[in-house]
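> Prediction below, plus the sequence it came from.
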Amino acid sequence: MAVSVGPRGRKVRILATLGPASSSPEMILKLMKSGADAFRINMSHGDQAAKAELVRIIRALGVEHKRPTTILFDLQGPKLRIGKLQGGSASVDTGSRLVLDRSSEPGDASRVELPHPELFGAVGEGDRLLIDDGKVRLRVAAVAPERIDTIVEVGGKISDNKGVNVPDVLVPIPAMTEKDRSDLQFALEQEADYIALSFVQRAEDVEEARRLVDGRAALMVKIEKPAAIERLEAIMQHSDAVMVARGDLGVELPAEAVPPLQKRIVARCRELGQPVVVATQMLESMISSPTPTRAEVSDVANAIYDGADAVMLSAESAAGDYPCEAVQMMDRIGRTVEADPNYAARVHFTATPAEPTTADALAESAGNIATTVQVAAMVCYTSTGGTARRIARERGPVPLLVMTASQKVARRMGLVWGVHAVNTRDVSSFEEMVGKAKRMALRHKLAGADQRLIILAGIPFGTSGSTNVIHVARLVGDELEDYAGA
C-alpha cells in the first residue's frame, strides 16, 4: 500500500531512477507516494529538453505537496567502445587471437577497431580487456603503437560499439567528456541538488568537477573502477557523497570482491559523515516480475543493516514493468529491517567516533539523550546542512527534523539517513527556536502530546557553523491546541 507524501516513518532513503516507465507527472507522483525520497536523472539516455521537463514536474510536485524533493543528475562519463563489425557482429572462440587496432574498417572474428588511441600506450602484456560487461574476456599478448594483440580467454559474440573495460590499468582519460561538460552545465542551470560523477579514478578527476560545480550542487562520486578503490581515501576527501556502483565494479573485479568493498565504503562514509548510496541490481528481477527474489530482498536488507543512507533503483523504476511495486518493496524492506530489535546493534557495528568539535560533541550527546529520556524526535536548525549530517552520522533512534532557511539545503537532505527536511525562515530568539520546533514536530506528525524533543541550534541564530545549543523540550496539552491552529 502506498504511503502519503509526508514523513516516511523510515530512515533509509530510496533513490529512484526515472526513465520511459516513469516520466509522466502521474507516475512520478505515484513513485513519491510509494516511498521515493529522491530521483535520479540518467544523462546516458535521452536529450536535455526531456530532462528539463522531468525537473519541472518534480519541482512542481514538491511545491504542491510541500516536500523538498532531491534530484540527482548522473553524468555518463567516458565510454570505451570497440568499433563496427561486418554484418554488425562476430563470434570469437576461446583460445583464438583477436587484434584491436586503429583502423576504421569494419572488423571480424580476427580484428576489430579500438578507437581510443590513449589505450595503446597504457595497456601492457598480461592486462585484461573485457568486452560487453565482461561477457568476452581478452588477455593482452603484445602491444604496438597501432595494435594490441590479445588471446581470447572467454569467447562469445561481439557486436558493434560494445563497451570495453580495462580493469588492470589507470586509464589515461579524464572523468568528464565534452558531453559531460555540457550536461553538467545544463544540470547546474536546472538547479540540480547532486551531480554524480562516473568512472572516477583519481582525486584529480573530482577536483576538476568541483571547480566546475563551484558549490552550486553537491558532488557525488561513483565508485566503479578498481583504480578508485586504490585511491579511495583521497577521492572521498574531495567529494560530498558516494555511490557504490556495483554494476561496473562487479565487471572489473571478481564478483566475490564486491560485498566486502561495499561494506568498507559504507563504513568509511559513515565515519566521514558523507551520504552513501548503494546501487545497481538491487531488485533486478522486478524489471519484469511483480515480486523480487529472496536473495535480492536480503541484499537490500544487508545494505540497510550496514547503515547506508540510501538504496537505489535503476532499470526497475526507469524502464521496468513494475516501477511503483519496486519502490513499495524497498519501502517495506526498509521499514521491516528498522523495526528489527537487533537493527540498532547492527547499524552501530560501525564506530563513528566524534571529532573534536562542538557540533560532533552535541550530535553524540543528542543520541545518548534520545535513548535515555525516550524522545520522539530530534530537531536541528541548520544553514548549510553540516550539523544535520553529523547528527545523522550517529544513526540515532528517532527521526531528525531538519529546519533550514535554504531551499537548496532542504532538498539535499533527501539523501541523508533519517532526515525529514522543512524549508522555513530563520528564528531569532531562543523562545522562537523552541516554539517553532514544537509546532513543526506536531504539524509533521513527528511528536504528540507529552512527548519530548531534542532541539539543536546555533547562537547567534542563522550563523553557519555555530551549533552550540542542545535543549530538551516537552509538548504539553495546552500547547497542542495553540500549535494546531498555527
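Happy to help now that I have it. Quick caveat, the model's predicted, so the values are computed rather than measured. Numbers count the residues shown, from 1 in each chain.

> What residues are bridge-paired with the residue nearest the centre of the chain?
Centrality entry for the chain: nearest residue to the mean C-alpha point is Val277, 3.6 Å, by C-alpha atoms, centre = their mean. Beta-bridge pairing of Val277 under DSSP bridges involves Met243, Ala310.

> which residues touch it?
Leu15, Met220, Ala241, Val242, Met243, Val244, Ala308, Asp309, Ala310, Val311, Met312, Leu415 (C-beta atoms under 8 Å, 6 or more residues apart in numbering). Heads up, the C-betas are built off the backbone N, CA and C, glycines and all.

> what helix or strand does the first one sit in?
Just to be clear, that refers to Leu15. Assigned by DSSP states H and E, Leu15 falls within strand 13-18.

> Now do the same contact list for Ala344.
Contact analysis of Ala344 by C-beta under 8 Å, 6+ apart lists Pro397.

> Please point out which parts of the helix or strand where it lies sit buried.
Per DSSP H and E, Ala344 falls inside helix 343-347. For helix 343-347, burial by neighbour count (16 or more other C-beta atoms under 10 Å) applies to Tyr343, Val347.

> so how far is it off the chain centroid?
Using C-alpha atoms, centre = their mean, to the nearest Å, the mean C-alpha position of helix 343-347 is found 22 Å from that of the whole chain.

> Same check on stretch 128-142?
Worked out by C-alpha atoms, centre = their mean, stretch 128-142 lies 29 Å from the chain centre.

> Go through it and flag the buried ones.
Buried positions in stretch 128-142, judged by neighbour count with 16+ other C-beta under 10 Å: Arg128, Leu129, Leu130, Ile131, Asp132, Gly134, Val136, Arg137, Leu138, Val140.

> Find the pair from those with maximum spatial separation.
Using C-beta to C-beta, those span at most 17.7 Å, a distance reached by Asp132 and Val140.

> just the helices in the stretch 201-350 of the chain please.
Remark: helices assigned in the stretch 201-350 of the chain by DSSP state H, counting those that start in this stretch are 203-213, 226-230, 232-237, 246-252, 258-272, 294-305, 315-318, 323-339, 343-347.

> what ranges do the strands span in the stretch 351-486 of the chain?
Per DSSP state E, counting those that start in this stretch, the stretch 351-486 of the chain carries strands over the ranges 377-381, 400-404, 419-423, 452-458, 467-474.

> Just send these back as a markdown table, with distance to Ile151, mean pLDDT and mean neighbour count too.
Listed next are the strands of the stretch 351-486 of the chain as a markdown table, based on distance: least, C-beta to C-beta, whole Å; pLDDT from 0 to 100; neighbours: other C-beta atoms under 10 Å:
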| stretch | distance to Ile151 | mean pLDDT | mean neighbour count |
| --- | --- | --- | --- |
| strand 377-381 | 59 | 95 | 28 |
| strand 400-404 | 55 | 95 | 26 |
| strand 419-423 | 52 | 95 | 24 |
| strand 452-458 | 61 | 92 | 24 |
| strand 467-474 | 60 | 90 | 17 |
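
> Quick check: which of these is nearest to Leu29?
The closest of the strands of the stretch 351-486 of the chain to Leu29 is strand 419-423. By C-beta to C-beta, the value is 18.8 Å.

> Name every strand pairing with that closest one and say which way it goes.
Here strand 419-423 is paired, per DSSP bridges, with strand 400-404 (parallel).

> Can you list which of the buried residues of stretch 128-142 are found in strands?
The strands, defined by DSSP state E, take in Arg128, Leu129, Leu130, Ile131, Val136, Arg137, Leu138, Val140 from the buried residues of stretch 128-142.

> how about the nearest residue to Ser24, chain neighbours excluded?
If the residues on either side of it in the chain are set aside, Ser24 comes closest to Ile57, at 7.9 Å by C-beta to C-beta, 6 or more residues apart in numbering.

> In this structure the one you found contacts Glu26, no?
No: between Ile57 and Glu26 there is no contact under C-beta atoms under 8 Å: 9.7 Å.

> Settle it for me: which of those two has more neighbours?
Neighbours per residue, other C-beta atoms under 10 Å: of Ile57 and Glu26, the larger number sits with Ile57, 19 against 9.

> Do you know the pLDDT at that one?
At Ile57, the model reports a pLDDT of 98.

> Give me the distance from the helix or strand where it lies to the chain's centre.
Here Ile57, judged by DSSP H and E, is contained in helix 48-64. Distance, stretch centre to chain centre, for helix 48-64: 19 Å (C-alpha atoms, centre = their mean).

> For the spatially closest residue to Gly107 that is not a sequence neighbour, give me phi and psi.
Of all residues not flanking Gly107 in the chain, Leu85 sits nearest, at 4.6 Å (C-beta to C-beta, 6+ apart). Main-chain dihedrals, Leu85, degrees, to the nearest 10: phi -120, psi 160.

> correct me, but Leu85 touches Ser110?
No: with contacts defined as C-beta under 8 Å, Leu85 does not count as touching Ser110, sitting 10.9 Å away.

> which of the two has more neighbours?
Leu85 (21 against 11).

> ok, the more buried one to Pro117 distance?
From Leu85 across to Pro117, the span is 20 Å (C-beta to C-beta, to the nearest Å).

> Same question for Glu191.
To Pro117, Glu191 is 38 Å away according to C-beta to C-beta.

> Show me where the chain dips below the pLDDT cut-off.
The chain contains residues with pLDDT under 70 at 1-7, 462, 465, 477-486.

> residues contacting Arg474?
Asp450, Gln451, Arg452, Leu453.

> cool, and His348?
His348 touches Arg395, counting by C-beta under 8 Å, 6+ apart.

> separation between it and Gly307?
For His348, the distance to Gly307 (C-beta to C-beta) stands at 8 Å.

> Count the residues that sit near Glu189.
Glu189: 12 neighbours (other C-beta under 10 Å).

> Also Asp214?
Neighbours around Asp214, by other C-beta under 10 Å: 8.

> With Arg425 instead?
When neighbours are counted by other C-beta under 10 Å, Arg425 registers 10.

> And for the one 4 residues further on?
Other residues lying near Ser429 total 10 when counted by other C-beta under 10 Å.

> Could you do Val169 as well?
Look at Val169: counted by other C-beta under 10 Å, it has 17 neighbours.

> Counting neighbours, go ahead and name the busier of Glu191 and Pro117.
Neighbours were counted for Glu191 and for Pro117 using other C-beta under 10 Å; Glu191 has more, 14 against 11.

> Quick check on that one: phi, psi?
As for Glu191, its main-chain torsions (degrees, to the nearest 10) stand at phi 60, psi 50.

> ok, now how distant is the closest residue to Ala354 other than its chain neighbours from Ile391?
Once flanking residues are discounted, Ala354 sits nearest to Asp360: 4.0 Å by C-beta to C-beta, 6+ apart. Using C-beta to C-beta, Asp360 is found at 9 Å from Ile391.

> Which one of those two is surrounded by more residues?
Comparing Asp360 with Ile391 by other C-beta under 10 Å, the one with more neighbours is Ile391, at 30 against 20.

> Buried subset of the contacts of Val277, written for ChimeraX?
Filtering the contacts of Val277 down to the buried ones (16+ other C-beta under 10 Å) takes a single ChimeraX command:
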select :15,220,241,242,243,244,308,309,310,311,312,415
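
> and which of the contacts of Val277 is nearest Arg294?
For these, the nearest to Arg294 is Val311 (16.7 Å; C-beta to C-beta).
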